[in-house]
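**Q** Got a predicted structure here, sequence first:
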There are 2 protein chains.
Amino acid sequence: MKKVKIALLGLGNVGRGVYNILIKNKEEIMKRSGYEIEVSKILVRSLDKYRGVEVSNDILTTNFDDIINDDSIKIVVEVMGGIEPAKEYILRAIEKNKHIVTANKMLLATEGKEVFEKADEKKVMFQYEASVAGGIPIINSINENLTANKINELYGIVNGTTNYILSKMELEGLEFDDVLEEAKEKGYAEADPTSDIEGYDAQYKLAILSALSFGTKISVDDVYREGITKIKPIDMKYASDFNMSIKLLAIAKENNGELELRVHPTMIPETHPLANVYDSFNAIFINGNAVGDLMFYGKGAGDMPTGSAVVSDIISILRKNIDTKNENPVVKDNLWNKNVKSIDDVESRYYIRLTVQDKPGVLGQITTIFGSNRVSLKSVIQKGRKHDDTLEVTLVLITHKTKEALINDSIDKLHDLRSIKSVENIIRIEDFS
Amino acid sequence: MKKVKIALLGLGNVGRGVYNILIKNKEEIMKRSGYEIEVSKILVRSLDKYRGVEVSNDILTTNFDDIINDDSIKIVVEVMGGIEPAKEYILRAIEKNKHIVTANKMLLATEGKEVFEKADEKKVMFQYEASVAGGIPIINSINENLTANKINELYGIVNGTTNYILSKMELEGLEFDDVLEEAKEKGYAEADPTSDIEGYDAQYKLAILSALSFGTKISVDDVYREGITKIKPIDMKYASDFNMSIKLLAIAKENNGELELRVHPTMIPETHPLANVYDSFNAIFINGNAVGDLMFYGKGAGDMPTGSAVVSDIISILRKNIDTKNENPVVKDNLWNKNVKSIDDVESRYYIRLTVQDKPGVLGQITTIFGSNRVSLKSVIQKGRKHDDTLEVTLVLITHKTKEALINDSIDKLHDLRSIKSVENIIRIEDFS
Ligand SMILES: NC(=O)c1ccc[n+]([C@@H]2O[C@H](COP(=O)([O-])OP(=O)(O)OC[C@H]3O[C@@H](n4cnc5c(N)ncnc54)[C@H](OP(=O)(O)O)[C@@H]3O)[C@@H](O)[C@H]2O)c1
Ligand SMILES: NC(=O)c1ccc[n+]([C@@H]2O[C@H](COP(=O)([O-])OP(=O)(O)OC[C@H]3O[C@@H](n4cnc5c(N)ncnc54)[C@H](OP(=O)(O)O)[C@@H]3O)[C@@H](O)[C@H]2O)c1
């Protein structure tokens, strides 16, 4: 049996998963890769910390030089996260002809260009399946198995924390804040949950997925982003009345060479396969012009699922000839130049929840405003009084398909009406048509 | 732009899809593969037949020698189906160092050993994504992206025709025969539907998937098989009462190195993701010991979805160096020797529908028989009279988990009871626990 040495940068959640899988599935991995893998160095910040995994102190190091200067290490597995020093370490490892596996979505979404190009230049192998949707093999599928297609659309539930929260809100009628607290206690949400609940994590992932799907450079800022903090139980209730579900969707579409990229809470029909993705599960729904509709479903995070992707990437490198130059391009997002539409030009249907004064004429004022913007309303629903003493009611509007700019303009005008107490929420509706 | 010549064996459903995709997505395919692909020869049986696709008569041939003797043809795409002459042609093409793409499940499931080994020996590339579940990249995912896992279980809805029929029966309360007729008219079922409705097609596919998942040789006969022809609307009705759905499932499990391989109608909880796979869609649900639960969902057949897999396989060959020897093993089912359990030893819960005489003591007789076989009954449901004049009623039994052999023995004994008019149906229940 051939032997190979690898190094891990990081021994946190993912690093631990990788390490444990290499032990637990040693026989499978040997047979499938043809190699006995030795983790010869692991970079960490602190040598003393207890990490819940038995690792000999000899292989832990806080000095990257121990790894970069060891020519017997053929693969560097970056699972430390963050942009620096991860980027510097990866670039230096590539320079030394080491192959790379990484799970770092933030790095790839923001500074991917430089590391991909460096890998191409040095002809090392570069794998990053774990960077999006953990254990779901979506990146390799797009890069290798759907290449015959022009991808038309991609819809992803790519953040487990927010899907867990929305699932609880939907199924148990709970308030956002309460579920968030519970999620923190259970370890489903981080102490600072901003990146998840405000959609930044999903934004990174969509930037990566759409760059690969459409073969074009995408900057993270090209992706419109909105989090889930404004969703209320009453929105869930209305959604359910319309046979809809609310999910944080990462949406990418191409129309005539123009892209639409956005992450936001979205009402989708209950009958759509994505509507049945609950708890911390992830799913990516893709439409290709040959393959039609496809969906991938699984665990988007966690030590073992993410470790599964990382270790499978290591095996796929080992199956190729690690001592010869890699002939396959690592850069896959430079085939076309495509424009990204401004969110103002994106078309959608909208759910708009208002608190208005309960008096004659209000509805007329509202429909006049939308009408003057050529926004046509599919339905207007008024249910009961909010408080008996305020004489305010909840009004829900569902629009037909229209441009975002026209909705925004209408909402601005609504704010000027004295009869409109407040615009409580606006949620885009996706019909998948 | 580099150019490459390929040949198609067959221009039926799949061949047409491949040909059309190569034209329609020419630019995508060129950019992604680095090659301009020319289909320089297509093997057919008849030169005159109209096939709904515009192909110059110069490239059609009925003589395989035109392909095998043309050294400029680098890839042979076998989409003709059947065992012979497909097998002979593939073996001869490999001998001439041509790379192979095939969609032929029947060939791979029954005679795969010989062609895989030949490809290994000659070090040509051999791709067969389209052979299972059409456009869903399940084969490459198992072979490349889940390799870090020990796969515990796999459950597939891998036959679109039967899923279409069962969906219609479930959602519209129709009889099997009526839906089958309608499916034939609509082209969802073939004139001779035996291979689909009796589960042979799913049996081939499960043989391929399980050989790859468990890394062991599987003979088609190792896979227990039962079709869907005995399912009645009343079974659908009972399933629904139990919050279950009936699907033709291809099931593979490993326990302590022993495999369980079976294709049969199965009652599954309505809440399981597979229960929501309707119409002609396919889905494969996998549990790996690292990745956890994963599901792949999409079109399992049809010219374009299947063509998507074939053309993506062609691109993946072109991305490697087609002029050097392939170093990666093609044979992936020879890593372990694993035993396949007899169906008699398989454990499951069972739904048993009987017609019995409506008189005192019958229930006691039945429970005594099951009890003597240590089969414990979870519930017994009796609803209304069948015919007022026959004094017969329908009785449905749900068992706890038990061995198939004990069920069969119990059923044999039931047949001896004069009060049992008939054992109408037996359907296995899967709880995914
Ligand atoms: N967690 C998931 O489920 C998941 C899923 C998909 C992708 N990812 C990605 O995987 C990466 C790792 O995530 P994680 O959850 O495993 O992170 P984590 O638990 O915070 O672990 C980070 C590890 O890297 C080490 N590290 C961080 N900065 C370092 C530095 N400057 N020098 C040396 N060592 C350093 C830490 O060392 P100490 O142990 O000494 O602190 C720790 O072992 C991230 O890019 C993340 O986006 C994570
Ligand atoms: N149909 C699907 O959706 C699907 C999905 C997945 C996999 N597959 C697999 O793909 C393969 C092809 O299926 P298909 O549906 O495309 O079959 P098909 O429509 O029956 O087409 C078969 C083609 O092969 C040609 N052919 C057959 N035997 C031949 C022979 N002895 N010599 C020369 N040409 C011969 C036929 O020529 P003529 O045109 O002259 O008759 C025809 O063009 C099968 O292995 C099938 O299992 C099919």
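**A** That came through, no problem. Numbers count the residues shown, from 1 in each chain, chains lettered A, B, ... in the order given. Ligands and ions are numbered 1, 2, ... in the order given.

**Q** Just the closest residue of the stretch 301-433 of chain A to ligand 2, please.
**A** Nearest to ligand 2, among the residues of the stretch 301-433 of chain A, is A:Phe432, at 23.8 Å (CB to the nearest ligand atom). Glycine gets a C-beta too; all of them are placed from N, C-alpha and C.

**Q** Is that residue in a helix, a strand, or coil?
**A** coil (DSSP: H, G, I helix; E, B strand; the rest coil).

**Q** Now do the contacts for it.
**A** A:Tyr155, A:Ile268, A:Pro269, A:His272 (CB atoms under 8 Å, 6 or more residues apart in numbering or on different chains).

**Q** element containing the second one, please.
**A** When secondary structure is defined using DSSP states H and E, the element that contains A:Ile268 is strand A:258-269.

**Q** Report the mean confidence score over that strand.
**A** Mean pLDDT, strand A:258-269: 98.

**Q** after it comes which helix or strand?
**A** Immediately after strand A:258-269, counting by DSSP H and E, sits strand A:281-288.

**Q** So that following strand, near ligand 1 or not?
**A** No: using CB under 6 Å from any ligand atom, strand A:281-288 stays clear of ligand 1, coming no nearer than 10.1 Å.

**Q** Stretch A:42-61 now?
**A** Yes: Stretch A:42-61 comes into contact with ligand 1 (CB under 6 Å from any ligand atom), by way of A:Leu43, A:Val44, A:Arg45, A:Ser46, A:Lys49.

**Q** among those residues, which are in strands?
**A** A:Leu43 (DSSP state E).

**Q** and chain B, which of the residues of stretch A:42-61 next to ligand 1 contact it?
**A** For chain B, no contacts are drawn from those by CB under 8 Å from any CB of the partner chain.

**Q** Narrow the residues of stretch A:42-61 next to ligand 1 to those that are buried.
**A** By neighbour count, with 16 or more other CB atoms under 10 Å in any protein chain shown, the residues of stretch A:42-61 next to ligand 1 hold A:Leu43, A:Val44 as buried.

**Q** B:Asp333: which of the residues of stretch A:42-61 next to ligand 1 is nearest?
**A** A:Leu43 (38.1 Å; CB to CB).

**Q** Sheet partners, orientation included, of the strand holding A:Ile268?
**A** strand A:224-225 (parallel), strand A:244-255 (antiparallel), strand A:339-340 (parallel), strand A:420-429 (parallel) (DSSP bridges).

**Q** Dump those strands to TSV, plus mean neighbour count, mean pLDDT and distance to B:Glu347.
**A** Listed next are the strands paired with strand A:258-269 as TSV, based on neighbours: other CB atoms under 10 Å in any protein chain shown; pLDDT from 0 to 100; distance: least, CB to CB, whole Å:
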stretch	mean neighbour count	mean pLDDT	distance to B:Glu347
strand A:224-225	20	98	49
strand A:244-255	23	97	36
strand A:339-340	16	98	54
strand A:420-429	18	96	46
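
**Q** Please tell me how far the residue nearest to A:Lys96 when sequence neighbours are not counted sits from A:Val76.
**A** With sequence-adjacent residues excluded and distances taken as CB to CB, 6 or more residues apart in numbering or on different chains, A:Lys96 is closest to A:Ile68, at 5.9 Å. According to CB to CB, to the nearest Å, A:Ile68 stands 8 Å off from A:Val76.

**Q** got any residues that touch both of the two?
**A** With CB under 8 Å, 6+ apart, A:Ile68 and A:Val76 have common neighbours A:Tyr89, A:Ala93.

**Q** what comes up buried for whatever helix or strand A:Glu170 lives in?
**A** Per DSSP H and E, A:Glu170 falls inside helix A:160-172. Neighbour-count burial for helix A:160-172 flags A:Gly160, A:Thr161, A:Thr162, A:Asn163, A:Tyr164, A:Ile165, A:Leu166, A:Ser167, A:Lys168, A:Met169, A:Glu170 (criterion: 16+ other CB under 10 Å).

**Q** Same question for stretch A:362-369.
**A** A:Val362, A:Ile366, A:Ile369.

**Q** Now, those that are in helices?
**A** With helices taken from DSSP state H, the overlap with the buried residues of stretch A:362-369 comprises A:Val362, A:Ile366, A:Ile369.

**Q** pretty sure the first one contacts A:Val356?
**A** So the one you mean is A:Val362. Yes: if you go by CB atoms under 8 Å, A:Val362 and A:Val356 touch, sitting 5.2 Å apart.

**Q** what's the overlap in contacts for the two?
**A** A:Leu395, A:Ser419, A:Ile420.

**Q** Any idea how many residues pack against the first one?
**A** Just to be clear, that refers to A:Leu395. 21 (other CB atoms under 10 Å in any protein chain shown).

**Q** What sits closest to it if chain neighbours are left out?
**A** A:Leu354 (4.6 Å).

**Q** quick one: least confident helix or strand in chain A?
**A** Lowest by mean pLDDT, DSSP states H and E among the helices and strands of chain A is strand A:377-387, with a mean of 82.

**Q** any idea how far the closest residue to A:Thr161 other than its chain neighbours lies from chain B?
**A** Residue nearest to A:Thr161 in three dimensions, not counting chain neighbours: A:Asp196, with 4.0 Å by CB to CB, 6+ apart. Noted for A:Asp196: a distance of 20 Å to chain B, by CB to the nearest CB, to the nearest Å.

**Q** cool, and A:Thr110?
**A** 25 Å.

**Q** again, but for A:Ile75
**A** 14 Å.

**Q** show me what contacts A:Lys232?
**A** A:Glu175, A:Phe176, A:Glu424, A:Asn425.

**Q** with those in mind, which one is nearest to A:Gly257?
**A** Nearest to A:Gly257 among these, with distances taken as CB to CB, is A:Asn425, at 33.4 Å.

**Q** what about the residue nearest to A:Ile136 when sequence neighbours are not counted, is that helix, strand or coil?
**A** Residue nearest to A:Ile136 in three dimensions, not counting chain neighbours: A:Gly298, with 4.3 Å by CB to CB, 6+ apart. Put simply, A:Gly298 is strand when judged by three-state DSSP.

**Q** neighbours around A:Gly298, how many?
**A** 27.

**Q** again, but for A:Ile157
**A** 28.

**Q** what's across from it in the sheet?
**A** Under the criterion used (DSSP bridges), A:Ile157 bridges to A:Ala283.

**Q** And A:Val380, by the same measure?
**A** Going by DSSP bridges, A:Val380 forms beta bridges with A:Leu397.

**Q** hang on, it packs against A:Thr394?
**A** No: applying CB under 8 Å, one finds A:Val380 not in contact with A:Thr394, separated by 11.4 Å.

**Q** So chain A: which segments form each domain?
**A** A:2-134+A:304-320, A:139-300, A:344-429 (the TED database).
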